[in-house]
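>>> here is my input; please provide its structure:
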Amino acid sequence: MRPECRILLLEDVDTDAELAERELRKGQLTPSVRRVQTRDEYIRELAVFSPDLVLADNSLPDINGMTALALAKERCPDVPFILVTGTMGDEAAVQAIKNGATDYVLKENLPRLVPAVRRALQEAADHLERRAMEEALRENEERFRALVHNSTDVIAILDAEARPLYANPAGERLFGLCATEGTSRNLINLVHPDDLDLATAALVKTLTTPDICVPSSFRLATVDGRWSSLEATFSNCLDHPAIRGIVVNARCVTERKQAEEALRNVNHVLRTLSACNEILVHVTDEPSLLAKMCEAIVEVGGYRLARVGVVDLTSPTGVRTVAFHGDPEGYLDPALSASSEDAYPPYIETVRIGHLQVTQDIRALSESLPWRQPAVARGCRSVVALPLWVDQQLFGALEIYADRVGAFDDESIRVLEELASDLTFGLGVLRTRAERLGYLEQLEASLAATIRAVVSTTEMRDPYTAGHQRRVADLSVAIATEMGLDPGTVKGVEVAATIHDIGKIAVPAEILSKPSRLTPAEFELVKGHPQAGCDILADVNFPWPIQEMILHHHERLDGSGYPDGLQGDQITLGARILAVADLVEAMASHRPYRPGLGTAAATAQLNLDRGTLFDPDVVDACLTLFREKRFQFAPSS
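The predicted structure follows:
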């Protein structure tokens, strides 16, 4: 009994009440006792005091024990009730117990009171605990029943022969797995033929290993005749007293599988598109382009076969195969491309009608088609043929076979149409490439001549630094190459370095050739040459940031340079390369006011200023050139 338990005592005789309370204290019980003597007090305290136990005399002026018991059971049905009475016959005692009394104690035998109270309170506590557990169990059962009933996953119980004993609503809706149909329907009979071995193996393993969950994936026929992809687990509960079956928990993953398949299809196409676009950049003639395209489609894209047929009115079919790949046994051999007029292969049909042709399952086609069986025998399951248009004229068709049913969904076809468009663009480019190449070569030659003329003009005004820009350009190109920059970027650095001092045209010649150190005012004039050079070239449309490299080739990492005091990455990489090359060449070469200091002194100074004035990566590349690769400036002409 809890020490703080509350006992409601219904007793009108003071001495009897005192004796009862003394007995409780003697039994080392220290309850909170609330004594009442009348019916009204008793009814009120049942509600207000909320007792843990009721002790009641059997005979009071306005209420008797049986009435008190009835009132207690009505208002506090779980509270134990003990009659404490002077006399009570066996018949009355039995009736009290039947009416809900926990016990009765005669006043002449009060030492029984404490054990009776302890026992009553313990039984009440046990009863409440059992009821709470039963209530929790009922709630859990109801919750579990609701989860199973409302689950979107299939939950089913099968017998040892894989016949359904139970299925939740999801299983009934999707597969008709309803035990009310009888046990003759076998789950294995619903499995897709291609997945039968997987499902059977999982079932066998479940039957032989009852202590584990066996996972499996397979397709099952739905009630509407389609195939649904499942991820399932099998559990052997044949010996479970309540289940006695194989529990199957399965999730329908059809949409996810379809999304994964679509993603795989698109990935195949994107890999193909990427490889073919790279081919477009490098191939220089039509036959190589078409052959390499077919090769990339098969080897990179993972498709089974590929071929290109072009319009040829001299051919019996009007189409001539000019490129193919992935067919060692000759299915795509040009000599075998012809069929009867009503059964042309897809690429010929595409050329004839000028529209895309797609077959998602070749095996579903009529066996009378002469091209069907050879394709199936070579592992082909789907095919697409895309028209190729060059300059708004039908050039031919690109035909691609895949080893998967449904490989050419809408998104895959969209990307393949982009591939076909790129291919025809490449064909058009090849037909005009010679003319464009000649034009580009002419432009490049003109640019080079213009740059040489500008450099010559600059050096005529500053004979002491003749060749300076060319030598800076040579070193800048070597540094950029050592740093691994791409050829286009290296070319831009070379052009900028070659004319980086063009702005000195705006500096008086007597200052440029002055044989002594410049005054501060003269040096300020010289410091204007980067801006002057940028202004001179402002309207020239170079394919590289030439003007920016020229403007900033005297900037320094710490912001101490000019003309804008830029810092760190604010300075373009090309300008950082020019700054290093310009310093090394200037220190190593003769000037009107001093002899050349040599490359050793120049690189030593460069090493000191590494990371503060000059880009450390550029400095490291420059030092490698001089110290390990023996770089030397070309002699002045």
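
>>> can I see the domain layout of the protein?
According to automatic domain parsing, the chain comprises the domains 6-130, 151-252, 261-433, 462-627.

>>> so what's the residue count around Glu417?
Look at Glu417: counted by other Cβ atoms under 10 Å, it has 16 neighbours. (C-beta placed from N, C-alpha, C; glycine too.)

>>> double-check it against Pro387; I have them as touching.
No - with contact defined as Cβ atoms under 8 Å, Glu417 does not reach Pro387; the gap is 9.3 Å.

>>> what touches both of those two?
Common contacts of Glu417 and Pro387 (Cβ atoms under 8 Å, 6 or more residues apart in numbering): Leu356.

>>> hmm, back to that, now tabulate the domains of the chain in TSV and tack on distance to Glu142 and mean pLDDT.
Shown next, in TSV, are the domains of the chain (distance: least, Cβ to Cβ, whole Å; pLDDT from 0 to 100):
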stretch	distance to Glu142	mean pLDDT
domain 6-130	18	90
domain 151-252	15	83
domain 261-433	40	83
domain 462-627	66	87
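
>>> closest to Arg143 out of these?
domain 151-252 (12.1 Å; Cβ to Cβ).

>>> what's the closest of the domains of the chain to Phe144?
Closest to Phe144 of the domains of the chain, according to Cβ to Cβ: domain 151-252, at 10.4 Å.

>>> next one: phi and psi at Ile243?
phi -100, psi -60 (degrees, to the nearest 10).

>>> which non-adjacent residue is nearest it?
Nearest non-adjacent residue to Ile243, counting by Cβ to Cβ, 6 or more residues apart in numbering: Cys237, 4.2 Å away.

>>> the one you found pairs with what?
Cys237 has these beta-bridge partners by DSSP bridges: Gly245.

>>> which residues touch His522?
No, residue 522 isn't His; it's Glu. Per Cβ under 8 Å, 6+ apart, neighbours of Glu522: 511, 514.

>>> quickly find the element holding it.
Under the criterion of DSSP states H and E, Glu522 resides in helix 520-526.

>>> equivalent analysis for Leu263, please.
helix 254-282.

>>> okay, the domains of the chain in a markdown table with distance to Leu137 next?
Formatted as a markdown table, the entries for the domains of the chain read as follows, by distance: least, Cβ to Cβ, whole Å:
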| stretch | distance to Leu137 |
| --- | --- |
| domain 6-130 | 10 |
| domain 151-252 | 13 |
| domain 261-433 | 45 |
| domain 462-627 | 69 |
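
>>> among those domains, which is nearest Ala136?
For those, the distance to Ala136 is smallest for domain 6-130, at 10.5 Å, taking Cβ to Cβ.

>>> start and end of the closest one, how far apart?
This stretch, domain 6-130, spans 22 Å end to end (Cα to Cα, to the nearest Å).

>>> likewise for stretch 78-88?
End-to-end distance of stretch 78-88 (Cα to Cα): 24 Å.

>>> what residues sit buried inside it?
Buried residues in stretch 78-88, counted by 16 or more other Cβ atoms under 10 Å: 79-85, 88.

>>> could you dump these into a markdown table and include secondary structure?
Listed next are the buried residues of stretch 78-88 as a markdown table, based on DSSP: H, G, I helix; E, B strand; the rest coil:
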| residue | secondary structure |
| --- | --- |
| Val79 | coil |
| Pro80 | coil |
| Phe81 | strand |
| Ile82 | strand |
| Leu83 | strand |
| Val84 | strand |
| Thr85 | strand |
| Met88 | coil |
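
>>> re earlier: buried residues in the helix holding Glu522?
So for helix 520-526, counting by 16+ other Cβ under 10 Å, buried means 522, 525-526.

>>> of those residues, closest to Val283?
Checking these one by one against Val283 (Cβ to Cβ), the nearest turns out to be Val526, at 51.0 Å.

>>> wait, that closest one touches Lys514, no?
No - in this structure Val526 lies outside contact range of Lys514 using Cβ under 8 Å: 9.9 Å.

>>> and which of the buried residues of helix 520-526 is nearest to Gly301?
Distance to Gly301 across the buried residues of helix 520-526 (Cβ to Cβ) is lowest for Val526, with 60.1 Å.

>>> please report phi then psi for the closest residue to that closest one other than its chain neighbours.
Closest residue to Val526 apart from its sequence neighbours, by Cβ to Cβ, 6+ apart: Val507 at 5.7 Å. Per-residue torsions, Val507: phi -100, psi 130 (degrees, to the nearest 10).

>>> residues touching Val507, list them.
525-526, 528-529, 532.

>>> any figure for the gap between it and Ala72?
Going from Val507 to Ala72 by Cβ to Cβ, to the nearest Å gives 116 Å.
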